[in-house]
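[1] Take this sequence and fold it.
(chains A and B)
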Amino acid sequence: MGKKVRVRFAPSPTGYLHIGGARTALFNYLFARRNGGVFILRIEDTDVERSSKELSDVIIEDLKWLGMDFDEGPIYQSERLEIYRNVAEKLVEEGKAYRCFCNKEELERKREEARKKGVPYKYDGTCRNLTEDEIKRNLRENKPYAIRFKVPQEGIIRFKDVVQKKIEVKCSELEDFVLLRSDGYPTYHLSCVVDDSEMGITHVIRGADHISNTPKQILLYRALGRDIPKFAHIPLILGPDRTRLSKRHGATAVSKYREDGFLPEAFAYFLALMGWSPRTNKKILTMDEMIELFDLKDVVKTNAMFDLKKLEWINGKFISSLPPERLLPDVVNVLKKYNLFREEFLGEKRDWFLKGIDLLKIRYRRIEDFATLGRAYFSDDFSYSEEGIEKYFKKDDALMDALVEILNEYSLLDELDLEMSEKILRSVAEKYGVKSGDLIGAIRVMLTGHVVAPGIFDVIEFLGKDRVLKRLQRGIQFLKSYGKE
RNA sequence: GUCCCCAUCGUCUAGCCUGGCCUAGGACACCGGCCUUUCACGCCGGCAACAGGGGUUCAAAUCCCCUUGGGGACGCCA
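    Residues are numbered from 1 along each chain as shown, chains lettered A, B, ... in the order given. Predicted coordinates for the structure are as follows:
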C-alpha cells in the first residue's frame, strides 16, 4: 500500500491563469480525485516584484470556474519566508551550501562574456572555496550575499519520470545554483523543495519545462535528507507556430475563453485532451468521467498544439447536450452583454425562454451565438441577412399572394401552434402553386433574419401569433419595395 | 552554442514496453452523400501519417545506432 496521494498546483501569481497552467492544474486535480488523494493549492509568490494578491485571486477564481476545488490551501509562500531561510542557513552550517558574495553586475558580466565566446555559462565557483577569514571579513564589511548550493563535482543524477523516459544528467552539467537571494527571499528551487517535502507531496506533476530543474531539486532533497517525490513532467502546449504557447499567440488566459462563451466543462475536457488519451469511444467526457478514467500512464510524451476548431466543436457538443436550465445563466449573461436581456425572461416568461434555448442550442457552438445568431428570438430589433435577401426575397406574384394569404389566415387564428401553422402553410402553397420550400425560406428570413434556423413551425410557435404577424407584415412590405427581380 | 527530451494523417491521438492480429484504428478539420422546409444534429463514405538512413530478425510503426527535424532548459524568474 502506497502513501496517500498528495499533489499540488503551484502557480506563481505573476500573470493570469493561462492555458498551460490550467492543464497542469487539471492533471493534478484528476490524479488526486482518481486516487482519493489530496489536491493542494500553493501560491509561489516569492518574486515580490512581479507577484500580486489580485492576480492570485483571479487564478483561484479561474480554477473554481473550471470546476477544480482544492482540499488544502491556498498556501502563500510569502508567508513562509522564515522557514526557507532557516533551511538555507542550516545547509550552510552543514557545509552543503555556501555564502556567495559575488554581486549581480559581476555575474552578469561573466555571463555576457561567456555568451560572446559561445561557451556555456556556469557559475565559476568563486565563492565556493573562500577561506574562513575571507568569509569573516566579508561578513564584517556587511557585504550582501546569496546562498548557493554546493553541487557535487562528480556523479550522475538519474530519475525515472512517470511520463517521460529515464532522464539522467551529469553533475558536472549543473552549477552551484542559488538557494537564497541576497534580499533574503528563496529561489524557486529552495521554496519548492522545502514546501513539497513539508506538505508531503507524493507526485510532482508539472510542465516539461521543469525537467531541467529536477536534478537540482533531487540533489536538494538528498542534502535535506527528505523523501523524493515521483515526478511526472507533462508535455507542453504549443501555438500554431509550434513554439510554446505564449501571449503572442493571442488568447492564452483562461478568463478570455470564459468571456468568449466557452463552457467550463468543455474547456476542461479540451485541455485534458491535449496530452492525455482517455482510451474510450466516448466522444465527450464530463469531469466525473475524466476522473474515472484518468491515469498518468495515458499521458503522452509529445507536445500538443492548440486547436481552436476542436475546442469549438467540443463546446458545441456540450451546449447541445446540456439541459437549458444549465445554460440559462450563461445565456442571460451574454444577452445582457448585448443589451438584449429583459427581466421577464427570468420571470413570467422563464419557461418560454428555456424553450428558446432548447430550440437553438443544438446548432450553436458558443454561448455568444445566442446573442448574435439568435438575436431575433429574443428581440424584435433585427435585420435581414444579405444571404437571406439574396436567396429568398424574390419578386414573384404567386409568392407574394401566398404570403399575404398566410398572413390573413394566421391572423384569424386564436393561437398559432405548430400543427395549424404548418397545415395552413402547406395548403396555401398548393393553392398558389408555390414550392413550400420557397415559401418557408422567405418566412424564415422574415421571422429570424437568417437562412439558418430551427424548424420554421417551431419558430412560429415559439414567437407567438403577435410577433409572427408583425414580422410577416414587415417582411411583406420589405419584399414589395426591395425584393429581387 | 551546451545539456536534456521528443518524433504516427493538417491537428489531437490508438498501436510501441511484451516485434507477426497494422493492406496503421478513432476523433477534429476538410470533401462527398443521405435525412430535411434551411442550417445544425445524426447517419454513410472519402482524403490523409509510421521523418530519413542503416542495422537486428523468418518478420519492425514497434528493438538498436546515426542523421534530420522539433521542443525545452541554460537567472540572486517561477
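[2] does the worst-scoring helix or strand of chain A on mean pLDDT come close to RNA strand B?
    Lowest by mean pLDDT, DSSP states H and E among the helices and strands of chain A is helix A:104-117, with a mean of 82. Yes - using C-beta under 7 Å from any atom of the strand, helix A:104-117 comes into contact with RNA strand B via A:Lys104, A:Leu107, A:Arg111. Just so you know, the C-beta spots here come from the backbone N, C-alpha and C atoms, and that holds for glycine as well.
[3] which residues sit in contact with the second one?
    In this structure, A:Leu107 makes contact with A:Tyr123, judged by C-beta atoms under 8 Å, 6 or more residues apart in numbering.
[4] Look up how far A:Asp176 lies from it.
    Distance, A:Leu107 to A:Asp176, using C-beta to C-beta, to the nearest Å: 12 Å.
[5] Repeat that for the last one.
    Between A:Arg111 and A:Asp176 the computed distance is 14 Å (C-beta to C-beta).
[6] need the strands for chain A, in chain order.
    Listed in chain order, the strands of chain A (DSSP state E) span A:6-9, A:38-43, A:72-76, A:97-100, A:146-149, A:156-160, A:166-170, A:178-180, A:203-207, A:230-234, A:237-238, A:304-305.
[7] Redo the ones you listed as JSON lines? Include mean pLDDT.
    Converted to JSON lines, those look like this (pLDDT from 0 to 100):
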{"stretch": "strand A:6-9", "mean pLDDT": "98"}
{"stretch": "strand A:38-43", "mean pLDDT": "98"}
{"stretch": "strand A:72-76", "mean pLDDT": "93"}
{"stretch": "strand A:97-100", "mean pLDDT": "95"}
{"stretch": "strand A:146-149", "mean pLDDT": "96"}
{"stretch": "strand A:156-160", "mean pLDDT": "92"}
{"stretch": "strand A:166-170", "mean pLDDT": "91"}
{"stretch": "strand A:178-180", "mean pLDDT": "96"}
{"stretch": "strand A:203-207", "mean pLDDT": "97"}
{"stretch": "strand A:230-234", "mean pLDDT": "96"}
{"stretch": "strand A:237-238", "mean pLDDT": "93"}
{"stretch": "strand A:304-305", "mean pLDDT": "94"}
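[8] need those strands in CSV with distance to RNA strand B and mean neighbour count, can you?
    Output for the strands of chain A, formatted as CSV (distance: least, C-beta to the nearest atom of the strand, whole Å; neighbours: other C-beta atoms under 10 Å):
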stretch, distance to RNA strand B, mean neighbour count
strand A:6-9, 11, 25
strand A:38-43, 9, 23
strand A:72-76, 11, 17
strand A:97-100, 6, 23
strand A:146-149, 4, 24
strand A:156-160, 9, 14
strand A:166-170, 5, 13
strand A:178-180, 4, 26
strand A:203-207, 8, 22
strand A:230-234, 8, 22
strand A:237-238, 6, 22
strand A:304-305, 4, 16
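[9] how about the helices in the stretch 201-350 of chain A?
    For the stretch 201-350 of chain A, the helices defined by DSSP state H, counting those that start in this stretch cover A:214-224, A:254-259, A:264-273, A:287-293, A:308-321, A:324-337, A:350-360.
[10] which one of these is the most hemmed in?
    Highest mean neighbour count among the helices of the stretch 201-350 of chain A (mean count of other C-beta atoms under 10 Å): helix A:264-273, with a mean of 22.
[11] so what does that helix touch, helix or strand wise?
    Contacts defined by 3 or more C-beta pairs under 8 Å, 6 or more residues apart in numbering; DSSP states H and E place helix A:264-273 against helix A:19-34, helix A:254-259, helix A:287-293, helix A:308-321.
[12] right, and those - which one's nearest A:Phe70?
    Closest approach to A:Phe70 among the helices and strands packed on helix A:264-273 (C-beta to C-beta): helix A:19-34, 8.1 Å.
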